[in-house]
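# return a 3D structure for these sequence lines:
(2 chains)
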Protein chains: 2
Amino acid sequence: MKILGIDPGMAIVGYSLLDFDGKDYSLSASGSIQTKKGSRESARLLEIFQDMTTIVETYKPDVAAIEKLFFVHNQTTVMPVAHARGVILTVLEQFNIPIYEYTPMEVKKNLTGYGRADKKEVEQMVKLTLGTEKLPKLDDTVDSIAIAICCSRSV
Amino acid sequence: MKILGIDPGMAIVGYSLLDFDGKDYSLSASGSIQTKKGSRESARLLEIFQDMTTIVETYKPDVAAIEKLFFVHNQTTVMPVAHARGVILTVLEQFNIPIYEYTPMEVKKNLTGYGRADKKEVEQMVKLTLGTEKLPKLDDTVDSIAIAICCSRSV
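Okay, here's the model as predicted:
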């Protein structure tokens, strides 16, 4: 099963392609879509739309796992992420890819057993799962791997 | 100038095409995109994406005016609207249509002179502006006309 993990955002969308054969994991691709700072929101959304389309066309995932937004106090921050998320969901639906959604807390609990685990603990579990000491530099990309791992265990 | 007014939403997107020659207004089209209740969110977003694309291709607006979301207390309600809004912004950007954004309060103030005007007062001003007694049935469509009128006066 090829799982496309996605950590949505307006400035950075982290993504990863995780192959899971029911026992072993391998990471066949990982990276990020980074939109131009200072350009208008609609232009950044179109960039996300186009790049996400290319990613799906290139890697042909079987399923996608994306972070779910939940209630936060700072709505100014969450609004652009919700815009980006709507665009990503549209691309996935266009390619008929089943979508699974997880809150950050669900991902943490799934990986570490504890919903309030810190970043280091989650990273450690990602390394263990993939059998590697080397992770992508961007947190957003690492988060997308964690989301894909969470999906592999709950689908 | 052909202005596409848009009142974004997940269940209903109100839209209207307002022609403005600098003096007189005429409404050349108005309606709504209504997505299937109970179907999954990504499917509804794709419906909005496709229908909005058809609307823009059909009417070729010069500019678009869309309601801006602002801080509300009930974030559960606002999240799907933000998803839909992201999709609509992407479509407009794809067709290089300049986008103007207004909060509900800005629209009310522009039309009635009072930012907390009620629905009836706004409707009355829309009727006066268009020189008609008959408005579309759906509030979402009427709101999209109000947004387009607001845009005609501020661009």
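# okay, now residue A:137: neighbour count?
9 (other C-beta atoms under 10 Å in any protein chain shown). Glycine gets a C-beta too; all of them are placed from N, C-alpha and C.
# and what about it, helix, strand or coil?
coil (DSSP: H, G, I helix; E, B strand; the rest coil).
# list the contacts for it?
The contact partners of residue A:137, by C-beta atoms under 8 Å, 6 or more residues apart in numbering or on different chains, come to none.
# any idea how far it lies from residue A:14?
According to C-beta to C-beta, to the nearest Å, residue A:137 stands 11 Å off from residue A:14.
# what's the answer for residue A:4, then?
Applying C-beta to C-beta to residue A:4 and residue A:14 gives a distance of 11 Å.
# next one: residue A:85
Counting by C-beta to C-beta, the gap from residue A:85 to residue A:14 is 13 Å.
# please identify the helix or strand for residue A:90.
helix A:75-94 (DSSP states H and E).
# pLDDT of that helix, averaged?
Here helix A:75-94 scores 92 as its mean pLDDT.
# packing partners of it?
helix A:41-59, strand A:63-67, strand A:99-102, helix B:41-59, helix B:75-94 (3 or more C-beta pairs under 8 Å, 6 or more residues apart in numbering or on different chains; DSSP states H and E).
# list the contacts of the fourth one.
Going back to what we said before, that points to helix B:41-59. Taking C-beta under 8 Å, 6+ apart as the rule, helix B:41-59 contacts A:86, A:89-90, A:92-94, A:99, B:2, B:4, B:10-11, B:13, B:15, B:17, B:28-29, B:33, B:35-36, B:80, B:83-84, B:87-88, B:90-92, B:94-95, B:97.
# show me what from chain A comes close to chain B.
A:40-43, A:45-46, A:49, A:69, A:71-72, A:75-76, A:78-79, A:82-87, A:89-90, A:92-94, A:99 (C-beta under 8 Å from any C-beta of the partner chain).
# what do you get if the cut-off is 7 Å, keeping everything else the same?
Residues of chain A lying near chain B by C-beta under 7 Å from any C-beta of the partner chain: A:41-43, A:45-46, A:49, A:69, A:71, A:75, A:79, A:82-87, A:89-90, A:92-94, A:99.
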